[in-house]
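In: Generate coordinates for the sequence data below:
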Amino acid sequence: MSEARASWINGPVLRARPDGTFVLREAVRVGERGLLGEVMRLARDEIVVQVYEDTSGLRPGALVRGTGYPLSVHLGPGILGGIFDGLLRPIRGRQQVHAYIEPGLADAESGRFEFQPSVRPGDQGKPGGSLGTVGNGGALLQKVLVPPGMPGGEVLEVAAPAAYRDDEVICKLRDEAGKEHELTLGHRWPVRLPRPAAARLAVDEPMLTGQRILDGLFPVGRGGTASIPGGFGTGKTVLLETVAKWCNADIIVYVGCGERGNEMAGLLGEFSGLEDPRTGRKLLERTVMIANTSNMPVSAREASIYTGITVAEFYRDQGLHVALMADSTSRWAEALREVSGRLGELPSESGYPAYLSSRLADFYERAAKVKTLGGEVGSVTVMGAVSPPSGDFSEPVTNHTRRYVGCLWALDVQRAHARFYPAIHPLQSYSVAVQDLAPWWHSQGCTRWEELRRRFLTLLEEAARLERMARIIGKDAMPKGQRLVLLCAELVNEAYLRQSAYSPNDRYAPPGRQAVMMRLIGTFIDRAQDALDAGVPPERMASAEVFRSLLRMGEEIPDGDWDAFAKLDLEIAAVFRDLREQVAAEKEEVAGG
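Out: Numbering: from 1, shown residues only. Modelled structure (predicted):
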């Protein structure tokens with residue numbers, strides 16, 4: 001084991017004179033308390049170490065001991081349902097609650113888990129393959145995997161069904177070279193190294209969120225990426241909470257990176273009380289919370305993102321679909337900037353290090369839908385919140401992030417102040433997965449999905465231009481066609497894009513409900529255009545009861561009440577027929593008089 005003596009300390013960065021050979025990115029233990037660190041730079045007679053814990057009390061001469069392996073976390077059944085810091089050390093685990101993380105604490109505490117083997121002596125265990133399942137008291141059974149970096153081999157022994165600690169040996173393998181390996185319920189994995197998979201698969205199904213503006217207009221696929229930029233108070237955290245509760249992911253990994261302590265405490269309290277709509281149990285049972293607040297060591301904030309994506313890949317390799325929420329990557333980038341300054345690196349845009357772009361790319365590229373080494377299909381979908389200063393989307397973190405994500409859900413300050421939820425601006429957002437996900441929507445019966453989506457966005461764009469004109473000349477002075485555009489855009493905004501989180505009927509919209517609502521709005525727009533050509537003024541259409549019914553259908557019509565939607569469809573046809581007849585009768589009366 002290599003050792004070194006600290007010669008210079010500046011916050012989380014120290015320099016040491018080595019006595020032995022260290023490796024770049026090697027994990028080290030520093031001082032008497034065994035503070036966790038990582039080798040960031042090597043020279044002939046000096047190493048530079050980034051320490052992930054508070055370095056108060058360290059002084060020159062402190063011993064730095066190499067571990068011989070890269071910065072890693074222990075992955076096992078005990079992490080599901082727990083709350084951890086950025087290095088996956090328990091804040092609240094299965095056994096106890098920690099007011100503070102003890103310096104030098106290694107891993108999560110080990111509980112006992114019911115193991116059910118799926119292999120027998122003589123079977124072949126391959127890397128990434130399953131040895132059995134464990135339950136941790138929740139509704140989800142987890143798989144015990146052969147670590148991907150370990151060679152496969154013949155199963156020599158396997159433990160009988162019983163409760164075992166995380167660190168107890170439950171299987172022995174012998175590889176082709178005749179070497180024996182002992183396997184436990186969990187294993188270690190380097191956080192900066194992506195876990196291998198047999199193949200990457202095309203993203204061809206959406207990760208449903210239950211939010212119409214996301215699923216219907218800017219969908220993200222399972223295995224895709226999305227960014228949520230927004231200024232202060234626009235609802236980034238609330239939107240991520242909503243997505244976490246309603247999305248069709250098997251596992252939720254939530255990374256609170258550099259957030260305020262009170263905000264994280266409130267979030268943890270709310271998550272603890274949320275009911276999982278899929279199982280009726282606690283949502284926290286299938287959630288992993290990584291809470292790295294702004295008062296925790298800044299270097300650990302930088303590591304928390306990699307810890308979160310490593311945990312997500314661990315569950316992906318079990319054939320599960322995982323949703324990772326990172327809130328926020330701006331705080332992570334600020335940690336990069338601070339540590340980079342202490343390392344003496346030349347700054348780039350806004351003081352951020354020159355490698356900011358490549359680090360963002362490394363993070364988002366780990367999202368994927370894959371065929372696992374065990375032959376199953378799993379995915380990691382990454383959603384990262386961005387907090388641009390003053391809501392400036394041209395700042396470096398937002399600008400670089402847009403290059404690497406497939407969806408942008410841009411939150412708008414004006415919509416948020418108007419209490420429009422979700423406050424996503426439809427003209428600043430985009431999704432590159434539309435063509436890939438269109439066949440899935442067609443299979444759900446929404447054959448006009450692409451057409452209606454494009455029509456809604458075109459209508460909203462035209463309305464935004466006309467609203468500027470209306471503020472100058474007045475709405476009443478505009479031609480009928482332009483007034484109809486504003487009316488239809490209002491319908492799209494209020495009936496489809498706005499969604500009430502307080503309404504039991506409207507807080508979640510499954511794809512079938514979304515498709516019917518899109519079709520009804522599209523029908524109204526089609527018939528409104530025909531009625532305008534027949535001479536019906538837009539004001540009469542707006543005063544019709546069916547228009548108000550369409551505006552309120554999200555909140556008033558329960559999910560699954562297809563008869564109510566069918567009745568509304570018939571009412572649209574009847575109302576426009578009556579309006580055309582009334583206008584025709586008025587024309588005849590004028591001509592006859």
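
In: How far does stretch 392-411 sit from its chain's centre?
Out: Taking the mean of its C-alpha atoms, stretch 392-411 sits 15 Å from the chain's own mean (Cα atoms, centre = their mean, to the nearest Å).

In: Same check on stretch 192-203?
Out: Its chain's average C-alpha position is 18 Å from that of stretch 192-203, according to Cα atoms, centre = their mean.

In: Using neighbour counts, pick out the buried residues of it.
Out: With burial defined by 16 or more other Cβ atoms under 10 Å, the residues of stretch 192-203 counted as buried are L193, R195, A197, L201, V203. To be clear about C-beta, it is placed using only N, CA and C from the backbone, and glycine gets the same treatment.

In: partners of the nearest residue to the last one once chain neighbours are set aside in the sheet?
Out: Spelled out, that is V203. Excluding its sequence neighbours, the residue lying closest to V203 (Cβ to Cβ, 6 or more residues apart in numbering) is G221, at 3.5 Å. When bridges are called by DSSP bridges, G221 pairs up with P206.

In: rewinding a little: for the buried residues of stretch 192-203, which one is nearest V288?
Out: Of all these, the one sitting nearest V288 is R195; the distance, using Cβ to Cβ, is 15.5 Å.

In: Give me the local confidence score for the closest one.
Out: The predicted local confidence for R195 comes out at a pLDDT of 96.

In: now T523
Out: Per-residue confidence at T523 stands at 96 (pLDDT).

In: Show me what the host helix or strand of it is packed against.
Out: Under the criterion DSSP states H and E, the helix or strand holding T523 is helix 511-533. Helices and strands touching helix 511-533, as assessed by 3 or more Cβ pairs under 8 Å, 6 or more residues apart in numbering; DSSP states H and E, comprise helix 449-473, helix 480-491, helix 538-543, helix 545-556, helix 562-592.

In: Provide a list of residues in contact with E555.
Out: Under the criterion of Cβ atoms under 8 Å, 6 or more residues apart in numbering, the contact list for E555 reads S500, S503, N505, D506.

In: sorry, back to before: could you dump the buried residues of stretch 192-203 into JSON lines and include distance to S431 and secondary structure?
Out: Conversion of the buried residues of stretch 192-203 to JSON lines gives the following (distance: Cβ to Cβ, whole Å; DSSP: H, G, I helix; E, B strand; the rest coil):
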{"residue": "L193", "distance to S431": "30", "secondary structure": "coil"}
{"residue": "R195", "distance to S431": "27", "secondary structure": "coil"}
{"residue": "A197", "distance to S431": "24", "secondary structure": "coil"}
{"residue": "L201", "distance to S431": "19", "secondary structure": "coil"}
{"residue": "V203", "distance to S431": "11", "secondary structure": "coil"}
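
In: Quick one: mean pLDDT over stretch 540-556.
Out: Taken as a whole, stretch 540-556 has an average pLDDT of 95.

In: And that stretch, how far out from the chain middle?
Out: Using Cα atoms, centre = their mean, the distance between the centre of stretch 540-556 and that of its chain works out at 34 Å.

In: got the CA positions of that stretch in PDB?
Out: Provided in PDB are the C-alpha atoms of stretch 540-556 (Å, rounded to 0.1, in the frame of the first residue of the first chain):
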ATOM      1  CA  ARG A 540     -69.700  33.300 -30.700                       C
ATOM      2  CA  MET A 541     -67.500  30.200 -30.600                       C
ATOM      3  CA  ALA A 542     -65.900  31.400 -27.400                       C
ATOM      4  CA  SER A 543     -69.300  32.000 -25.700                       C
ATOM      5  CA  ALA A 544     -70.600  28.500 -26.600                       C
ATOM      6  CA  GLU A 545     -70.900  26.200 -23.500                       C
ATOM      7  CA  VAL A 546     -68.900  23.500 -25.300                       C
ATOM      8  CA  PHE A 547     -65.800  25.800 -25.300                       C
ATOM      9  CA  ARG A 548     -66.000  26.100 -21.500                       C
ATOM     10  CA  SER A 549     -66.500  22.400 -21.200                       C
ATOM     11  CA  LEU A 550     -63.400  21.800 -23.200                       C
ATOM     12  CA  LEU A 551     -61.400  24.200 -21.000                       C
ATOM     13  CA  ARG A 552     -62.600  22.200 -17.900                       C
ATOM     14  CA  MET A 553     -62.500  18.700 -19.200                       C
ATOM     15  CA  GLY A 554     -59.200  17.800 -17.500                       C
ATOM     16  CA  GLU A 555     -60.500  18.600 -14.100                       C
ATOM     17  CA  GLU A 556     -64.200  17.600 -14.500                       C
END
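
In: Name the residues of that stretch that are buried.
Out: The neighbour-count criterion (16+ other Cβ under 10 Å) identifies M541, A542, A544, V546, F547, S549, L550, L551, M553, G554, E555 as the buried residues of stretch 540-556.

In: ok now do the fourth one, which residues does it touch?
Out: It stands for V546. With contacts defined as Cβ under 8 Å, 6+ apart, the neighbours of V546 are F524, L568, E571, I572, V575.

In: What is the neighbour count of the first one?
Out: The burial count assigned to F524 is 25, neighbours taken as other Cβ atoms under 10 Å.

In: Ok, the third one next?
Out: Here the neighbour count serves as a burial measure; for E571 (other Cβ under 10 Å) it reads 16.

In: Let me see the confidence value for it.
Out: In this prediction E571 is given a pLDDT of 96.

In: Kindly provide the distance from the nearest residue to M518 once chain neighbours are set aside to E180.
Out: The spatial neighbour of M518 that comes closest, neighbours along the chain excluded (Cβ to Cβ, 6+ apart), is L452 at 4.8 Å. Counting by Cβ to Cβ, to the nearest Å, the separation of L452 from E180 is 61 Å.
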